[in-house]
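# Pasting a predicted model and its sequence here:
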2 protein chains.
Amino acid sequence: MNRFIDLDFTRSLVEEKELSRYENQLKISNADLWSGREAFTGWVNLPLSYDKDEVQRIKETAEKIRKQCQVFIVIGIGGSYLGARAVINALKTEEDGYRVGGPPEIYFAGQNLSGTYHSELIEKIKGKDLCLCVISKSGTTTESSIAFSILKDEVYKKYGRDEGNRRIYAITDAEKGILREETTREGYDSFVVPDDIGGRYSVLTAVGLLPIAVAGIDIDKLLEGAALAAETRLSSKRQERFYFSTLAATRLALLEKGKAIEIFEYYEPKLQYFAEWLKQLFGESEGKNGKGIFPAALQFSTDLHSMGQFLQEGNQIFFEMVLNVVNPQKDLIVPESAGSLLAGKSMNAVNQAAVKGVMAAHEAVGVPIIKLDIPELTPYYLGQMIYFFETVCALSGYLMGVNPFDQPGVENYKSEMRKVLKG
Amino acid sequence: MNRFIDLDFTRSLVEEKELSRYENQLKISNADLWSGREAFTGWVNLPLSYDKDEVQRIKETAEKIRKQCQVFIVIGIGGSYLGARAVINALKTEEDGYRVGGPPEIYFAGQNLSGTYHSELIEKIKGKDLCLCVISKSGTTTESSIAFSILKDEVYKKYGRDEGNRRIYAITDAEKGILREETTREGYDSFVVPDDIGGRYSVLTAVGLLPIAVAGIDIDKLLEGAALAAETRLSSKRQERFYFSTLAATRLALLEKGKAIEIFEYYEPKLQYFAEWLKQLFGESEGKNGKGIFPAALQFSTDLHSMGQFLQEGNQIFFEMVLNVVNPQKDLIVPESAGSLLAGKSMNAVNQAAVKGVMAAHEAVGVPIIKLDIPELTPYYLGQMIYFFETVCALSGYLMGVNPFDQPGVENYKSEMRKVLKG
């Protein structure tokens, strides 16, 4: 299939003439983004010109890991884990995780500082063959350093140092930093976190691709989807080409009307971490100089029974971005006992009725809603979504007058924390 | 231990004299709440005067279920599952869930309309002994009706109708509704959803207590904690007594200063569903007549690496409510290889340093922060937290001039959805 994900804007969400205000700035921003001259825009041309040899080596390494272990632990935080987790959770069924001979069970570590979380993880993996993948550009991130040191001890205890080192994979800076030094010293298999791509834009580099490939997901299709999205930006079809700019401009126009929260809504629980990835992408890109739209996520219909009241009648400071999977992976038919309105229908058909019902009810009270139709949850469409939202986010940051590729404010708490640790 | 959870307000968050504006209204609201005359305030005196015989029957039924099955599926949505899930996820370790002879594995169903979710659930429980607990006041909720009809089919296929019915437990209206009729007809063991307590305030009734007891959690301690909180409201110690009113008034004062988002932040992943419960409690209670504070949740330190930039330097339309567990359940010592600053420290000590570091960094740029210190994650303290937040939420709703106990807006999308389903 070669279709591009489909974007729907609700009726009279924002007037065309309001959006035309941003047209000149968008032209400049688009040109800047494509120029290749801006810092940290290595992701822009990546899907069209990635290193085929490296992707081949990623696939081979993933295949080796899949044979080597029953449990694969990805150690990283923020941009060093969220992209992989988003794609793996969207595409991997629970059964896969426990199937002997299939892909290994995949766990994430070092994405928090909870002793309870990591104690229980160690308990859970006892007796199983183990590989680690540590992901950190600098190697100095507190959370991943701690988790890596604890889990490395487990690996060494079990296999000794030599065999242990053959079970550790590192994704880090090409030359600098404490993790690169260790990688060279101990001889870990390794990949590189590129210099010109920031963490939250890095899912289509080795950072995301290695764990995703270990999960048994087709990374060629993921890159193919992203490439289609990159080509669509240059498409001769006006409608598709303008999706990117139109969404960026619409978001800013909504913010200026007092809609300061964007709610990412999804009706498939498997999109939970994709929404978390979106929160980082937009929150970290826009949230500076006192600017930005606050990103939130809700799982529907679950949260219609918790936050539905607020959306319908509460403080109207938000707009909705619906991620709608048109044809989900599996389905069930509703039995007779559920009553005549529902019986015989497919569960997913009822879910689609919920999508329509919610949009009608919320539009009726003036909530701005944008809907993205995703034909299926596959690597191909996830690749499209990744590239699409990265581009929209970059343009959006430019329109707000901030640098969408830096994150100067993330160091403040870390230096305060170090003061506390030094006592 | 008999300590009350401890509330910290950051320096000069809101001036005392600003809060005094709400003093008269708070007196009236407190009196209304305690009067017993208001609709849906049955939860207010519940911890001090609950039906001991019913709680005894809940415990006996839970014990029976624990012997009867390996898998226990709770079917409900919104207030019919979120309280139980919040407490179970906070207190149950993962190992418990898989330990043979221990508490059964507990799953939740009917909290979404995903065919994929429910297909995978059925796959996962294959071959295991099964009990169902269906929770719905009316019995007509779409999500739980569908899931119940599908899972009931599974139970009947496996055990036949007679034995199947002995494995189904219903919590529903005492007399009315389709689920009560079915319960009577099929002879399910059942409990009652009280008339004078709304879903989001119902966790300390059978709605929450039965699943929580099945998970092997001490519900007496949960109720004891809630009772201490109820008594604290009447305490002679001004500081503790005023926590409730002060927090309610502070939240409104912050909203009036443009802080329209409350972020519930927790450093222990096990509090994820407690934060979801808080989102329903506050969102559904306050979000009406165009009012309310938008509730969001962030898991730290995880989300410091995604939303941390926004909090530090972004659009300052939020305040933070930190749920800080002082002594978590388990811990690990950081090994040498993590470097001299961290080595030898306990992981939880580093987590506490993160709490302090984040507060210092955010206070420095004027973010309003409220911190709740929870001595330990135990049923006793969760009971306190439940009652504390329910009371604060009720007072807050009164201060905003809305009815914190109704949810008139939740029907709109359902009727639109029915139109779609009818074609």
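That came through, no problem.
# Could you give the number of residues near A:Lys157?
A:Lys157 has 9 neighbours, counted by other CB atoms under 10 Å in any protein chain shown. C-beta here means a position set from N, CA and C on the backbone, and glycine is covered the same way.
# who are the neighbours in contact with it?
Contacts for A:Lys157 were tallied using CB atoms under 8 Å, 6 or more residues apart in numbering or on different chains; there are none.
# Check what pLDDT it gets.
Looking at A:Lys157, its pLDDT reads 97.
# Export the helix or strand hosting it to CSV, keeping only CA atoms.
Assigned by DSSP states H and E, A:Lys157 falls within helix A:142-165. Only the C-alpha atoms of helix A:142-165 are listed here, as CSV (Å, rounded to 0.1, in the frame of the first residue of the first chain):
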residue,chain,number,x,y,z
THR,A,142,22.4,9.3,36.0
GLU,A,143,19.4,7.0,35.4
SER,A,144,21.0,4.9,32.7
SER,A,145,24.5,4.8,34.4
ILE,A,146,22.9,3.4,37.6
ALA,A,147,20.8,0.8,35.8
PHE,A,148,23.7,-0.2,33.5
SER,A,149,26.1,-0.7,36.4
ILE,A,150,23.5,-2.8,38.3
LEU,A,151,22.6,-4.9,35.3
LYS,A,152,26.1,-5.3,34.1
ASP,A,153,26.9,-6.8,37.5
GLU,A,154,24.1,-9.3,37.0
VAL,A,155,25.5,-10.2,33.5
TYR,A,156,29.1,-10.6,34.8
LYS,A,157,27.9,-12.7,37.8
LYS,A,158,26.2,-15.0,35.4
TYR,A,159,28.5,-15.2,32.5
GLY,A,160,31.9,-13.9,33.6
ARG,A,161,33.5,-10.8,32.1
ASP,A,162,34.4,-12.1,28.7
GLU,A,163,31.2,-13.8,27.7
GLY,A,164,29.3,-11.0,29.6
ASN,A,165,30.9,-8.4,27.3
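# residues of it that come out buried?
A:142-156, A:164-165 (16 or more other CB atoms under 10 Å in any protein chain shown).
# For chain A, which segments are assigned as strands?
A:6-9, A:71-75, A:105-109, A:130-135, A:168-172, A:189-192, A:261-266, A:294-299, A:318-327, A:369-376 (DSSP state E).
# Roughly how far does the residue of the stretch 51-200 of chain A found nearest chain B sit from A:Gly423?
Here the stretch 51-200 of chain A gets closest to chain B at one residue, A:Gly78, 2.8 Å apart by CB to the nearest CB. Distance from A:Gly78 to A:Gly423, counting by CB to CB, to the nearest Å: 27 Å.
# Looking at those two, which is more packed in?
The residue with more neighbours, out of A:Gly78 and A:Gly423, is A:Gly78; 28 against 5, by other CB under 10 Å.
# Give me the mean pLDDT for stretch A:230-246.
Mean pLDDT, stretch A:230-246: 76.
# Would you mind measuring the gap between the ends of that stretch?
16 Å (CA to CA, to the nearest Å).
# So which bits of the stretch 1-150 of chain A are right by chain B?
Counting by CB under 8 Å from any CB of the partner chain, the residues of the stretch 1-150 of chain A close to chain B are A:77-79, A:82, A:93-95, A:111-120, A:122-124, A:142-143, A:145-146, A:148-150.
# What count of nearby residues applies to A:Glu175?
Under the criterion other CB under 10 Å, the count of neighbours that A:Glu175 has is 10.
# List the contacts of A:Ile77.
A:110-112, A:141, A:143-144, B:301-302, B:305.
# Apply 7 Å and report the result again.
A:110-111, A:141, A:143-144, B:302, B:305 (CB atoms under 7 Å, 6 or more residues apart in numbering or on different chains).
# Of those - the most surrounded one?
Highest neighbour count within those: A:Gly110, with 30 neighbours (other CB under 10 Å).
# what's the neighbour count on the closest residue to A:Val350 other than its chain neighbours?
Take A:Val350 and drop its neighbours on the chain: the residue closest to it by CB to CB, 6 or more residues apart in numbering or on different chains is B:Leu113, 5.3 Å away. The local packing of B:Leu113 (other CB under 10 Å) involves 27 other residues.
# separation between B:Leu113 and B:Met417?
According to CB to CB, B:Leu113 stands 10 Å off from B:Met417.
# what touches both of the two?
What both B:Leu113 and B:Met417 touch, as defined by CB under 7 Å, 6+ apart, is the set A:Ala354.
# domains of chain A?
A:6-37+A:224-400, A:46-217 (automatic domain parsing).
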